[in-house]
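Enquirer: sequence unknown, structure follows:
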Ligand code: GDP
């Protein structure tokens, strides 16, 4: 059943070529009738669905010349009737049109309300909605791909397949309990064991993709460490191609953790430059030093920068601190010094930008994505990982209890595993889960 009309500006609010203002609900065409004057003979009430009509959009105090399109539910994004106005992209224009819509019989949509209605009306699954928001928020090609996998219902299809296997098994157990018979029970138990194994295999297959998937979505965190003056800020600048970090000849001038991102092979790499990890009497630098230690613990890859012209004991101490991490060691300043070091993976010059491509490739290889085909399908949401882990726990428990407890008791664990799977697609998600997901959307989506 269609609900009250909601409306919002669906494009970013800024001076731009075009803005889209959208209405969804029981009667958006009635609102369009009050404020759109089409060119030509067709009246708004007779608009054909999915067809663009040009005309005047009348707001209070001004008009714009633009387009209007009507999508008839249930064949629309939300499953309800939708009207979109495509106006010019000025802030005052789109706000004025929205205001007129709101005074003509709609209320302002809340965050993600259009997509929530689409979910409620069965137009997409919960994981698809999550993929959509991932795509919108992503700043890298790999993040878009990871979101698209979810958005196009590929994960949901796999979850449904696994759930269907269990549904059959549960139905069989139910039936056996109604007509108890020893032969039947034995064959049901055998089927249950085989099915649980198949499902656990399927769940394992998905779980195994999470580490790489999470990296694809969030990017790779790289902490740049090394004693002062080895060229860490210069290297960060060279990688980012602009002067964000402070470069100075004075040891210990990088006091903040400077952050910047670059895309390597379509994947986002986030760099954190740190103050040297050495002890210091300077208060401000001490703060930087403690932040450095935090970066050390939160990085996927540590990039240790050594100065080819000034290798000493301090480098040895830092190396000891980081040698057990996922570490890449570079010797910098090859334009001036040809020093070799047994710990080095790579030789570069930040100043002359020598071998930076080699460095980028080496960083890629060191990340969780080294050797992974990123065109595959990946689990990238922690929520999905948690639900799958819980499902696996329940199925494994049931499997371990086969033969020791009755089938109807086993069925309880199996059903709980089934429910955990259903949280991913939304079949069994609670209202809290659903509200939490849509609260992360922007208004207008
Ligand atoms: P940080 O303290 O490790 O961040 O070091 P900086 O990036 O501030 O660099 C310290 C000094 O080394 C500056 O004078 C840089 O210009 C210089 N430097 C950095 N990289 C290179 C390099 O590849 N070659 C040479 N010759 N000098 C460099």
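Expert: Now that the structure is in, tell me what you want to look at. Since the model is a prediction, treat every value here as computed from it, not as a measurement. Numbering: from 1, shown residues only.

Enquirer: buried stuff in the one helix or strand residue 432 maps to?
Expert: When elements are assigned from DSSP states H and E, residue 432 belongs to helix 431-439. Within helix 431-439, the residues that count as buried by 16 or more other C-beta atoms under 10 Å are 434, 437, 438. Using the backbone N, CA and C atoms, a C-beta is placed for each residue, glycine as well.

Enquirer: got it, and stretch 97-114?
Expert: Buried, per 16+ other C-beta under 10 Å, within stretch 97-114: 97-98, 100-102, 104-106, 109, 111-114.

Enquirer: circling back: who's in contact with the helix holding residue 432?
Expert: 111-113, 115-116, 119, 126, 129-130, 133, 383, 423, 426 (C-beta atoms under 8 Å, 6 or more residues apart in numbering).

Enquirer: hmm, back to that, just the closest of the buried residues of stretch 97-114 to the ligand, please.
Expert: The ligand has its nearest neighbour among the buried residues of stretch 97-114 in residue 111, at 41.0 Å by C-beta to the nearest ligand atom.

Enquirer: quick one: the closest residue to the closest one other than its chain neighbours and residue 133, what's the gap?
Expert: The shortest distance from residue 111 to any non-neighbouring residue, by C-beta to C-beta, 6 or more residues apart in numbering, is to residue 441 (4.9 Å). For residue 441, the distance to residue 133 equals 6 Å [C-beta to C-beta, to the nearest Å].

Enquirer: who touches both of the two?
Expert: What both residue 441 and residue 133 touch, as defined by C-beta under 8 Å, 6+ apart, is the set 112, 115.

Enquirer: Domains in the chain, by residue range?
Expert: By the assignment in automatic domain parsing, the chain contains the domains 6-109, 128-209+379-438, 217-366.

Enquirer: Residue 372 is nearest to which of the ones you listed?
Expert: domain 128-209+379-438 (8.9 Å; C-beta to C-beta).

Enquirer: which stretches of the stretch 1-150 of the chain form strands?
Expert: With DSSP state E, counting those that start in this stretch, the ranges of strands along the stretch 1-150 of the chain come out as 6-9, 16-25, 36-38, 52-59, 62-71, 81-89, 107-108.

Enquirer: average pLDDT for the third one?
Expert: Strand 36-38 shows a mean pLDDT of 98 in the predicted model.

Enquirer: Kindly tell me how buried residue 334 is, as a neighbour count.
Expert: Neighbourhood size, residue 334 [other C-beta atoms under 10 Å]: 19.

Enquirer: actually residue 130, not the one I typed
Expert: 26.

Enquirer: hmm, back to that, deepest in the core, which of the strands of the stretch 1-150 of the chain is it.
Expert: Counting by mean count of other C-beta atoms under 10 Å, strand 6-9 has the highest mean neighbour count of those, with a mean of 24.

Enquirer: hang on, the earlier thing: for the residue nearest to residue 111, helix, strand, or coil?
Expert: coil (DSSP: H, G, I helix; E, B strand; the rest coil).

Enquirer: ok, now how distant is it from residue 215?
Expert: 24 Å.

Enquirer: rewinding a little: now the strands of the stretch 1-150 of the chain in CSV, with distance to the ligand?
Expert: Shown next, in CSV, are those (distance: least, C-beta to the nearest ligand atom, whole Å):
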stretch, distance to the ligand
strand 6-9, 44
strand 16-25, 39
strand 36-38, 59
strand 52-59, 54
strand 62-71, 52
strand 81-89, 42
strand 107-108, 48
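
Enquirer: helix/strand/coil for residue 223?
Expert: Going by three-state DSSP: residue 223 is strand.

Enquirer: Test my guess that it contacts residue 294.
Expert: No: using C-beta atoms under 8 Å, residue 223 is not in contact with residue 294, being 9.2 Å away.

Enquirer: So which of those two has more stuff around it?
Expert: It is residue 223, of residue 223 and residue 294, that has more neighbours when counted by other C-beta under 10 Å, with 25 against 13.

Enquirer: JSON lines for the buried residues of stretch 97-114, including distance to residue 400 and pLDDT?
Expert: Output for the buried residues of stretch 97-114, formatted as JSON lines (distance: C-beta to C-beta, whole Å; pLDDT from 0 to 100):
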{"residue": "97", "distance to residue 400": "62", "pLDDT": "98"}
{"residue": "98", "distance to residue 400": "58", "pLDDT": "98"}
{"residue": "100", "distance to residue 400": "64", "pLDDT": "98"}
{"residue": "101", "distance to residue 400": "59", "pLDDT": "98"}
{"residue": "102", "distance to residue 400": "58", "pLDDT": "98"}
{"residue": "104", "distance to residue 400": "62", "pLDDT": "98"}
{"residue": "105", "distance to residue 400": "59", "pLDDT": "97"}
{"residue": "106", "distance to residue 400": "55", "pLDDT": "98"}
{"residue": "109", "distance to residue 400": "48", "pLDDT": "95"}
{"residue": "111", "distance to residue 400": "43", "pLDDT": "90"}
{"residue": "112", "distance to residue 400": "41", "pLDDT": "91"}
{"residue": "113", "distance to residue 400": "44", "pLDDT": "93"}
{"residue": "114", "distance to residue 400": "45", "pLDDT": "95"}
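
Enquirer: Format these as TSV; extra columns: distance to the ligand.
Expert: Output for those, formatted as TSV (distance: C-beta to the nearest ligand atom, whole Å):
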residue	distance to the ligand
97	51
98	49
100	55
101	54
102	53
104	59
105	60
106	55
109	48
111	41
112	42
113	47
114	47
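
Enquirer: how near is the spatially most central residue of the chain to residue 75?
Expert: In the chain, the centroid-proximal residue (C-alpha atoms, centre = their mean) is residue 134; its distance is 3.7 Å. Distance from residue 134 to residue 75, counting by C-beta to C-beta: 25 Å.
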